[in-house]
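S.K.: A predicted structure for the sequence below; I have some questions about it.
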Amino acid sequence: MPPATARARADRLFRLLELEDAADALIEGYSHGMRQKTALAGALLPRPAGAHPRRAHRRARPPSSRRIKQLLRGLTARGRTVFLSTHVLEVAERLCDRVAILDHGRLIAEGTLDELRARAPGTASLEEAFVALTHGAGDRDIEEFLEGTEAGDPEGGERARLPRARPRPPRR
């Protein structure tokens, strides 16, 4: 890409992602959300066939988050592939046509939301399907803890007692 075209495209992306006021500042002074938007702009600069905006929406102010989602939807509507890596399953549920569930680096399941729900009967959300397909037994531990709390034991029963944390030494 010619330098003039790259500069014009970068300026446009920074405007779209509300970064134009910080364009001449060093990235080290950027907030976490600004750094993520800068990474997204860098990924989109060369007009790729696909993009991988890793958690670009996280910690972004609601208007910025909305603009990022709008941009990602627009890319997919134009035939581009977007790989969205997120732990916020509500965002994946709203934005993604297909989802891959990874557990400790292993592919557990992939498909449309309906296909994933079908693999985990009785689930209504992507979060419920994820838990059912990966480690659904964790909910029982929570129930056991809560039952102990309801029974009048403020500690939540014998299994829920945690060792007392030692105070940290003061910073020097």
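M.R.: Yep, that arrived.
S.K.: low-confidence regions, this structure specifically.
M.R.: For the chain, the stretches flagged by pLDDT under 70 are 48-62, 136-140, 149-172.
S.K.: what's the distance between F130 and L72?
M.R.: 21 Å (CB to CB, to the nearest Å). Using the backbone N, CA and C atoms, a C-beta is placed for each residue, glycine as well.
S.K.: list the helices and strands the helix or strand encompassing E115 packs on?
M.R.: Assigned by DSSP states H and E, E115 belongs to helix 113-119. Helix 113-119 sits against strand 99-103, strand 106-111, helix 126-134, with contacts defined as 3 or more CB pairs under 8 Å, 6 or more residues apart in numbering; DSSP states H and E.
S.K.: deepest-packed of these, please.
M.R.: Highest mean neighbour count among the helices and strands packed on helix 113-119 (mean count of other CB atoms under 10 Å): helix 126-134, with a mean of 19.
S.K.: if we can go back for a sec, what's the helix holding E115 in contact with?
M.R.: By CB atoms under 8 Å, 6 or more residues apart in numbering, the list of residues contacting helix 113-119 from outside reads E93, C96, V99, I101, A109, E110, G111, T123, A124, L126, A129, L133.
S.K.: change it to 6 Å
M.R.: Applying CB atoms under 6 Å, 6 or more residues apart in numbering, the contact partners of helix 113-119 are A109, T123, A129.
S.K.: figure out how far it is from the centre of its chain.
M.R.: Distance, stretch centre to chain centre, for helix 113-119: 20 Å (CA atoms, centre = their mean, to the nearest Å).
S.K.: turn the helices and strands packed on helix 113-119 into JSON lines, columns for distance to D141.
M.R.: Below are those laid out as JSON lines (distance: least, CB to CB, whole Å):
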{"stretch": "strand 99-103", "distance to D141": "18"}
{"stretch": "strand 106-111", "distance to D141": "20"}
{"stretch": "helix 126-134", "distance to D141": "12"}
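S.K.: relative to R78, which of those is closest?
M.R.: Ranking those by proximity to R78 (CB to CB) places strand 99-103 first, at 20.8 Å.
S.K.: what helices and strands are in contact with that closest one?
M.R.: Under the contact definition 3 or more CB pairs under 6 Å, 6 or more residues apart in numbering; DSSP states H and E, strand 99-103 sits against strand 106-111, helix 126-134.
S.K.: just to revisit the earlier point, mind listing what's buried along the helix holding E115?
M.R.: Within helix 113-119, the residues that qualify as buried are L113, L116, R117, R119, counting by 16 or more other CB atoms under 10 Å.
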